[in-house]
Structure formats: structure tokens, C-alpha cells
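[1] Here is a sequence together with a model predicted from it:
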Amino acid sequence: MADQTTATRDLLAYVREVSLRDDDLLRELRETTADLPGGTAMQVMAEEGQLLALLVGLTGARAVLEIGTFTGYSTLCMARALPADGVLVSCDIEERWPAIGAEFWKRDGVDARIDLRIGDAAATLDALLAERGPESFDLVFIDADKTNYVRYYETSLALLRAGGLIVVDNTLFFGRVADPAAVDPDTAGVRALNRALHEDPRVELSLLMMADGITLVRKR
């Protein structure tokens, strides 16, 4: 990890050159998102989108749950990796930003796989639990408001099948989790989830030093 390799700009550029497989549609969506207020900070980086697609394939996922759509870049990456009859349920609090992604989903031909749910995420998750039942998803991606991370995790775990995977974004939260002076609700929410995951015997986990921190959680 950090003790072995220093992540210089040149090294990061090399990693992107030899590992990122990109295309015009993905680049266009990233560029569109970057022009929005806060878009650069909020959007999933290209390498993370590629990782998510890989994880969908590795888990053999047919049903994916995404908590936090924004402009739908991660949605597009994961929907592409699903089989033709797969489903990706994506939740967001408002229609404005997902509407941008919806155009790209349609252009890519994966829109039929995407079930967009607009509303409070906690209420949407409860509704999905009642509608689909427990253990009805193969993979969950959590990337929404940080204050409710623990709540989202607990309901996601109930919705996830045994052996399934939860991917949590922003678990380093710009480095604020390691700063004792950072006591804002978002940082506190991420810290609370990190501690809860570390002590949870129901799962296996690994926190990746990638992007803003990506934690992989496998349900036992």
C-alpha cells in the first residue's frame, strides 16, 4: 500500500494508460457531469466505474441496487455489465440529475435494465424490502448522503443475498475520517459506518485505497 508505492501523478497517469478502457459515451457523460455545480467532486471516477462493472460480472449479478444515482455514470457502467434480463434499481432523491443520465442509458441501449426510483432513499429501501423480499439483490452500491450510511447499510444487508457484495463509496471522505477536528455530520456518518463494518461478524470486508475510499463488503 502506501508504504510500498508513492502514487505520483506520473504513476497515476501510467495506471490509467494501461488499465482504463474508456469510450466516447462514458467520456461525454463524465464531461457533462463535470460542468455541473459540484459535478467533479460528486461523480464517480472512470476507474471506479470500470471496477463496478467488473464486480457485477465477478459476482454473476442479475439484480443490482444502487443508492445514489446522481447523473447515472455508475448506473451506466453497472447496467452494461448485467445480462440482458438483469435489473438495476437506482435510487435518488430528485429527478433532475438522473434525467441527465437517462439520455445516455437510452443511447447505450441499457435503459430497459434500469428501474429508477425517486424519493427518500430509506423509504425506497423499505419499500423494496416489502416488494421484493429479503436477499433479493446480488450487489449493492451505496453512494448517497453520508449521514444515513449506517441505515442504508443495514437495510442493504437485509436485501442482499448470502455471498453477495456491498460496495460503499467515499469511505475515506476526502481524508476527513482521520482528522479529529472534522466533526461534521457527513464525516461522522462515514466514521460510524467504518467502525460498524469493522466490528460486524456478518460480513467480510476490505477498504481499498482507491478514489475517495471504496469498501467491499461480502455477506457471509
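    Happy to help now that I have it.

[2] Where do the helices of the chain begin and end?
    Along the chain, counting by DSSP state H, helices occupy 9-19, 24-34, 39-42, 46-58, 73-81, 96-108, 121-132, 149-159, 185-198.

[3] So which bits of the last one are buried?
    Pointing back at helix 185-198 there. Across helix 185-198, burial judged by 16 or more other CB atoms under 10 Å covers 186-191, 193-194, 197. Every C-beta, even on glycine, is put in place using the N, C-alpha and C of the backbone.

[4] Tell me which of the helices of the chain lies nearest to Val89.
    Nearest to Val89, of all the helices of the chain, is helix 121-132, at 6.6 Å by CB to CB.

[5] If you count residues, where's the longest strand of the chain?
    Longest strand in the chain, counting residues (DSSP state E): strand 160-169.

[6] With just CA atoms, put that one into CSV.
    Presented in CSV, the C-alpha positions along strand 160-169 are these (Å, rounded to 0.1, in the frame of the first residue of the first chain):
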residue,chain,number,x,y,z
LEU,A,160,-28.5,-8.8,-0.2
ARG,A,161,-28.2,-12.5,-0.8
ALA,A,162,-25.7,-14.6,1.2
GLY,A,163,-22.4,-14.3,-0.6
GLY,A,164,-23.5,-11.0,-2.3
LEU,A,165,-21.4,-7.8,-2.3
ILE,A,166,-22.0,-4.3,-1.0
VAL,A,167,-19.7,-1.6,-2.4
VAL,A,168,-19.5,1.6,-0.3
ASP,A,169,-18.1,4.8,-1.8
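
[7] Show me what that strand is packed against.
    helix 46-58, strand 137-142, helix 149-159, strand 214-219 (3 or more CB pairs under 8 Å, 6 or more residues apart in numbering; DSSP states H and E).

[8] ranking these by burial, who's on top?
    strand 137-142 (a mean of 25; mean count of other CB atoms under 10 Å).

[9] ok and that strand relative to strand 214-219, angle-wise?
    Between the axes of strand 137-142 and strand 214-219, defined by axes from the mean of the first three to the mean of the last three CA atoms, to 10 degrees, the angle is 150 degrees.

[10] Check which helices and strands strand 137-142 is in contact with.
    The contact analysis (3+ CB pairs under 8 Å, 6+ apart) places strand 137-142 against helix 46-58, strand 63-67, helix 73-81, helix 149-159, strand 160-169.

[11] Let me have the ones you listed in a markdown table, extended by distance to Glu31 and mean pLDDT.
    Listed next are the helices and strands packed on strand 137-142 as a markdown table, based on distance: least, CB to CB, whole Å; pLDDT from 0 to 100:
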| stretch | distance to Glu31 | mean pLDDT |
| --- | --- | --- |
| helix 46-58 | 11 | 98 |
| strand 63-67 | 21 | 98 |
| helix 73-81 | 11 | 98 |
| helix 149-159 | 29 | 98 |
| strand 160-169 | 21 | 98 |
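
[12] now these in CSV, with distance to Gly175?
    Below are the helices and strands packed on strand 137-142 laid out as CSV (distance: least, CB to CB, whole Å):
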stretch, distance to Gly175
helix 46-58, 17
strand 63-67, 23
helix 73-81, 22
helix 149-159, 17
strand 160-169, 15
